[in-house]
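Asks: Got a predicted structure plus its sequence, pasted below:
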Amino acid sequence: MASLLEMTGIQKHFGGVQALKNVDFDIEAGEVHALVGENGAGKSTLIKILSGAYTPDSGTIKIEGQEVTIANPRQAQALGVVTIYQETSLYPDLSVLENLFMGRQPRRRFGLLDWGAMKKEAEAVFKRLGVDIPLSARLGDLGKAYAQLVEIAKALSQKARILVMDEATAALTSDDVERLFGIIRTMRSQGVAIIYISHRLDEIFRVTDRVTVLRDGERVGSERVANVNQNWLIQRMVGRELTNLYPRNIRAPGKVLLEVGNLTRIGVFENVSFSLREGEIVGLAGLVGSGRSEIVRAIFGIDRYDSGTVLLEGKPLSSKPWEAVQSGVALLPEDRSRQGAILAMPVRANMTLAVLHNLHKGGFLDEKQEASITDRFIQALQVRPPRSELPVASLSGGNQQKVVLGKWLASNPKVLILDEPTQGVDVGAKAEIHQLMDRLVNELGVGILMISSDLPEVLGMADRLLVMHRGHLVAELPRGASPEQAMAKATGLEAQGIAHVR
């Protein structure tokens, strides 16, 4: 079968860095083709060339055998190429219908909006997807999963022939993921070509037909998914075999660092109690909406709580984030792009934000000390490219995560709270972050409180697992517990009220 899209010999430089080196990529109509690789491998650059955000230095792009030039996103959309990014480009305060037609509303006489035509087309698109969604509802009230559905519907209403899905499941629940996979299969049967980008390797085997691997800007493998396994993917992505994705050198925990007693925020979480010891990783698991992130935000002082206590080494922890940082508590947030980093600022400025008060002499910034701290963590965390002057926005998602992590490590925390530390991070960087966590608890005695939606990850790294269900702490599971045990507790199938967990 002839390819719908052919990209041949694509090259792209950014200054002295070659992001893509003679990359070939193709996809057929009605095919789901996975594009995988470590952060910084060139996936985003290739997709931005296809979507018109970047212009290649050399190479050709053909659609249905005809060579095309894609100079901007509008030209890409005119050719039927639509990209859905992890962070949706929708407007939460507008309705589903308004978001669906934003910037391309059909009009009647005298320039009036044709709401009837919009509603008719919207109903047809959602019927094609096999989903029912209230068109008049405010999008922000419907949640992330519905936002993804609206993005997909918007792409189809734009007559998308080639749909790029970049980390589409990163913030979805397991039920939402299954619904999305069903929609992908529906679109595939209707002839839409889907380029699927994900760091969740199990998804590659569940929903895609073919996989292409990039490493350091080059294509290093392309095969039918049925002919490969996860080891094949990992070896080509990282250039080596990862023998231990969850490294843990178990040590006897030391003194209690953090103690949370009967913490309550009315309507969000209730009577949550647990402790965290020196040299220990405690996992906090639960479904989206269980209250996991809300609890750690309250501990750190971002959100208020109505009652309860938070003690650090036996003393009350301030409810102000900056004072919590000075006391030795750090929080790596779930949303790194909005809460973890200032994307327009350079790496060096971001990495020293938490210790900026220590870098001034006579009212002036000690640039030598700033550079020393930045270089140390760029090397320790293997940030790529290793250039402190680059704006964080120019880095891949995994390297942005490393910058945020470096910012908090520079403050020498006693307690490190990690909320989804490897979300959107490739398998190689994930292994590096896990190794760093192990070193922090074993060599420095840091206590880590870890939230992760990836059950194998949190079970593989935690000394014990606390499970949340609808705002209540319902179970403590020991190391070695199975994902099935954790999921049974998280879904409430075996929920047990626990007044206090030690």
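Replies: That came through fine.

Asks: where do the helices sit along the stretch 51-200 of the chain?
Replies: Using DSSP state H, counting those that start in this stretch, the helices of the stretch 51-200 of the chain run over 73-78, 96-100, 115-129, 144-157, 174-189.

Asks: Number of residues surrounding the residue lying closest to residue 47 once chain neighbours are set aside?
Replies: Nearest residue to residue 47 in three dimensions, chain neighbours excluded: residue 164, at 5.5 Å (CB to CB, 6 or more residues apart in numbering). C-beta here means a position set from N, CA and C on the backbone, and glycine is covered the same way. Using other CB atoms under 10 Å, residue 164 has 25 other residues around it.

Asks: now do residue 57
Replies: Residue 57: 14 neighbours (other CB under 10 Å).

Asks: for it, phi and psi?
Replies: phi -70, psi -30 (degrees, to the nearest 10).

Asks: Can you tell me how far the nearest residue to it once chain neighbours are set aside is from residue 44?
Replies: In this structure, residue 57 finds its nearest non-sequential neighbour in residue 11, 4.8 Å apart by CB to CB, 6+ apart. For residue 11, the distance to residue 44 (CB to CB, to the nearest Å) stands at 16 Å.

Asks: rewinding a little: just list the residues touching the residue nearest to residue 47, thanks.
Replies: 47, 50-51, 81-84, 194-195, 197 (CB atoms under 8 Å, 6 or more residues apart in numbering).

Asks: just residue 15 next, same as before
Replies: Counted by CB under 8 Å, 6+ apart, residue 15 has zero contacts.

Asks: one step back: lowest-confidence entry in the contacts of residue 164?
Replies: Across the contacts of residue 164, the bottom pLDDT score, 86, is held by residue 84.

Asks: So for the closest residue to residue 192 other than its chain neighbours, what's the pLDDT?
Replies: Nearest residue to residue 192, sequence neighbours excluded (CB to CB, 6+ apart): residue 163, at 5.6 Å. Per-residue pLDDT puts residue 163 at 94.

Asks: Same check on residue 427?
Replies: 78.

Asks: Then residue 80?
Replies: The model reports residue 80 with a pLDDT of 93.

Asks: right, and it touches residue 156 too?
Replies: No: applying CB atoms under 8 Å, one finds residue 80 not in contact with residue 156, separated by 10.6 Å.

Asks: Residue 426 is in contact with residue 38, correct?
Replies: Yes: with contact defined as CB under 8 Å, residue 38 counts as touching residue 426 (4.0 Å).

Asks: Now do the shared contacts for those two.
Replies: 237, 398.

Asks: Can you pull the poorly scored residue ranges out of the stretch 351-500 of the chain?
Replies: 493-500 (pLDDT under 70).

Asks: again, only this time at 80
Replies: When residues are selected by pLDDT under 80, those of the stretch 351-500 of the chain lie in 361-362, 396-398, 424-429, 491-500.

Asks: Do a quick rundown of the helices in it.
Replies: Secondary structure of the stretch 351-500 of the chain (DSSP H, counting those that start in this stretch): helices located at 367-381, 397-409, 427-443, 455-461, 483-490.
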